[in-house]
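# Let's see this in three dimensions:
(chains A and B)
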Amino acid sequence: MTVRTRFAPSPTGFMHLGGVRTALYAYLFAKQNNGKFILRIEDTDQERYVEGATDVIYDTLRACGLNWDEGPDVGGPVGPYVQSERKDTYLPYAKQLVASGHAYYCFCSKEEIDTRRAAVEAAGGTWKYDKHCQHLTQEEVEAKLAAGIPWTIRMNAPTEGETSYHDTVFGDMTFQNSEAMDDMVLIKQDGMPTYNFANVIDDHLMGITHVMRGMEYLSSTPRYNYLYNALGWEIPTYIHLPTVMRDATHKLSKRDGDAYYSDYIDKGYLTEALVNYLALVGWNPGDEREFFTLPELVEAFDVHRLNKSPGIFDVNKLTWFNAEYIRRMNPERYLELATPWFDKVLAGKNIDYHRLAELMQERTEIFSQVPDMVRFLGELPDYDIELYTHKKMKTNPEVARTALALCKPMLEGIPEAEWQETVIHDRLMEAIAASGMKNGAVLWPLRIAISGQASTPGGAMEIAYLLGKGETLRRLADGESRLANA
RNA sequence: GGCUCCGUUGUCUAGAGGCCUAGGACGUCGCCCUCUCAAGGCGAAAACACCGGUUCGAAUCCGGUCGGAGCUGCCA
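The predicted model follows:
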């Protein structure tokens, strides 16, 4: 039997990280079994339709490398792969269930149900559809249908007995039918199937062998099994996944701007790092490896090592992964990725991006931090002369005046054409040695004068080089006047 | 409320009765290196939710308690 898994998102316009992880696991499982990974769009809720939303799904999945073997755009033998385009395939099955007594037409309006629900709940009870329409005779049903009264088709749920099934992650599950079952709507008034129904029909028609989805479906699975059985179909293997949380009590949410794939990409996280990290929330390889490429994940993934408990998405750890990926990438790629971020604050400043990139690569955790880290190169920040005081460097404004006075003529003496780091370094070190001052006592003030900030990516010599002779000297003079006025 | 699931350091986790004086990673803290920051090196603090039971022996098995989550939609 060929393994077939699917990822079946509804097009909301965003890809939730939990969804990305579900897709990832479904992809990994299919691939490691030489199976097929299918993409199906579940857009049965017309009211939630969002223009362009499927492109978000395509783009995200592709960026993550989760290429589907069958799907809306690539086609396949069991299409179409968009539920709204399959609208006509569901009703016949619903009618078949009506004929066999597993479902029935319901003519209750939402208002009528709301009224009855409110009454039950006011009395302290738990509402469940009351099978009001189940007792309609065939003649009554046909009369109402003929009269054009809006209808839905509901599952005729059993009220006794129990349903058991096995889940790969959570083990054996048993539910009392009286509690887990209810007469859920199969076909809505607008003629569309509900998720609950379409999911079962499509998974079967598309030959899905392993259903991977969030654990929120754990308690509705008995209802799906009832449908599979009623239709005489084989029940797939269930692999329910633990939830990805923001913290112990909240799921990742749109509101906090931390739930979507795009939230992270926009902040300058790398897709590879995100995928790598996500794979590890809820699963581990059983050894101490942490870094995985997608092919390595395909190799290492094991559904039996999936965790049951919800996992909190830790941005700290993600950031660490991201920083590691950045450090490990080749310098050319770093330069390419960092350039747009450099440009935000350095465009037109004639800075050697190549050298800047070398200095920044090991200091970058996420790209969105880059502009703030290099802004000072474009414009000297206003700063307090207290920065010249540093106990460990044995410097203060007084020492700084001497240090700058030492550096200035020396730097002025370097010809424009020889303004290179090695030259600057050698001249500076000679001058410092000759003066008898400590390295830090000279270099700290120099760096403060030309950068205007306490910490910088690189030291005084690197910064002087990046700034160029003219700008370095200009800032040096600025520092001297600040110190003189103090 | 009912049903279901979950419960090892702040976080992700290893752990399937003795290998655990509970291991790894992120984060945190300290030291070293050093012209700052970062990186790197070294080190530290930090957990079996609680209470009972089973057993010679429990993080691991059982029961209860507590805590959290999910479901309880003509959303998915």
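# residues in the stretch 351-486 of chain A within reach of RNA strand B, list them.
Counting by Cβ under 7 Å from any atom of the strand, the stretch 351-486 of chain A comes close to RNA strand B at A:362-363, A:393, A:425, A:439-440, A:443-444, A:446-447, A:454-462. In this view, the C-beta of every residue, glycine as well, is placed from N, C-alpha and C.
# Just the buried ones among these, please.
Buried by 16 or more other Cβ atoms under 10 Å: A:363, A:393, A:425, A:440, A:443-444, A:446-447, A:456-458, A:460-462, out of those.
# can you put these in TSV and add distance to residue A:152 and secondary structure?
Shown next, in TSV, are those (distance: Cβ to Cβ, whole Å; DSSP: H, G, I helix; E, B strand; the rest coil):
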residue	distance to residue A:152	secondary structure
A:363	60	coil
A:393	77	coil
A:425	79	helix
A:440	78	helix
A:443	78	helix
A:444	76	helix
A:446	78	helix
A:447	73	helix
A:456	66	coil
A:457	63	coil
A:458	68	coil
A:460	75	helix
A:461	76	helix
A:462	70	helix
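# quick check, nearest of those to residue A:90?
residue A:363 (55.7 Å; Cβ to Cβ).
# Nearest residue to the closest one in space, please, no chain neighbours.
Excluding its sequence neighbours, the residue lying closest to residue A:363 (Cβ to Cβ, 6 or more residues apart in numbering) is residue A:457, at 4.9 Å.
# and what of residue A:168?
residue A:239 is the one closest to residue A:168 (Cβ to Cβ, 6+ apart), at 4.4 Å.
# what about residue A:354, how many neighbours?
Other residues within reach of residue A:354, judged by other Cβ atoms under 10 Å, total 10.
# from memory it sits against residue A:335, does it?
Yes: with contact defined as Cβ atoms under 8 Å, residue A:354 counts as touching residue A:335 (6.3 Å).
# burial count for residue A:246?
17.
# And residue A:379, by the same measure?
Residue A:379: 11 neighbours (other Cβ under 10 Å).
# Likewise for residue A:216?
Using other Cβ under 10 Å, residue A:216 is surrounded by 12 other residues.
# do you know how far the nearest residue to it once chain neighbours are set aside is from residue A:250?
Distances taken as Cβ to Cβ, 6+ apart place residue A:243 nearest to residue A:216, at 7.3 Å, with adjacent residues excluded. Going from residue A:243 to residue A:250 by Cβ to Cβ, to the nearest Å gives 10 Å.
# ditto for residue A:442
Separation of residue A:442 from residue A:250 (Cβ to Cβ): 52 Å.
# Rounded mean pLDDT for stretch A:22-38, please.
Per-residue pLDDT over stretch A:22-38 has a mean of 97.
# Apologies, that question was intended for stretch A:282-296.
The average pLDDT within stretch A:282-296 is 95.
# Over to stretch A:105-122?
Confidence for stretch A:105-122, expressed as mean pLDDT, is 90.
# Does RNA strand B have contacts with it?
Yes: using Cβ under 7 Å from any atom of the strand, stretch A:105-122 reaches RNA strand B at A:106, A:108-110, A:113.
# Buried members of those into ChimeraX, please.
Of the residues of stretch A:105-122 next to RNA strand B, the buried ones can be selected in ChimeraX as follows, counting by 16+ other Cβ under 10 Å:
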select /A:106,108
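# From residue A:348, how far out is residue A:281?
Taking Cβ to Cβ, one finds residue A:281 at 43 Å from residue A:348.
# circling back: can you put the buried ones among the residues of the stretch 351-486 of chain A next to RNA strand B in a markdown table and add pLDDT and distance to residue A:42?
Listed next are these as a markdown table, based on pLDDT from 0 to 100; distance: Cβ to Cβ, whole Å:
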| residue | pLDDT | distance to residue A:42 |
| --- | --- | --- |
| A:363 | 97 | 43 |
| A:393 | 89 | 62 |
| A:425 | 95 | 62 |
| A:440 | 92 | 63 |
| A:443 | 96 | 62 |
| A:444 | 96 | 61 |
| A:446 | 97 | 62 |
| A:447 | 97 | 57 |
| A:456 | 97 | 51 |
| A:457 | 96 | 47 |
| A:458 | 95 | 51 |
| A:460 | 96 | 59 |
| A:461 | 96 | 59 |
| A:462 | 97 | 54 |
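# same question for stretch A:464-471, mean pLDDT?
96.
# in that stretch, what's buried?
So stretch A:464-471, judged by 16+ other Cβ under 10 Å, has buried residues A:464-469, A:471.
# With stretch A:36-49 instead?
Buried residues in stretch A:36-49 (16+ other Cβ under 10 Å): A:36-45.
# Kindly report the same for stretch A:379-387.
A:380, A:383, A:385, A:387.
# Is the last one part of a helix or strand, or is it coil?
Under DSSP: H, G, I helix; E, B strand; the rest coil, residue A:387 falls in the helix class.
# Look up the closest residue to it, ignoring the ones flanking it.
In space, and not counting its chain neighbours, residue A:387 is closest to residue A:448: 4.8 Å by Cβ to Cβ, 6+ apart.
# quick one: that neighbour is in a helix?
Yes: counting by three-state DSSP, residue A:448 falls inside a helix.
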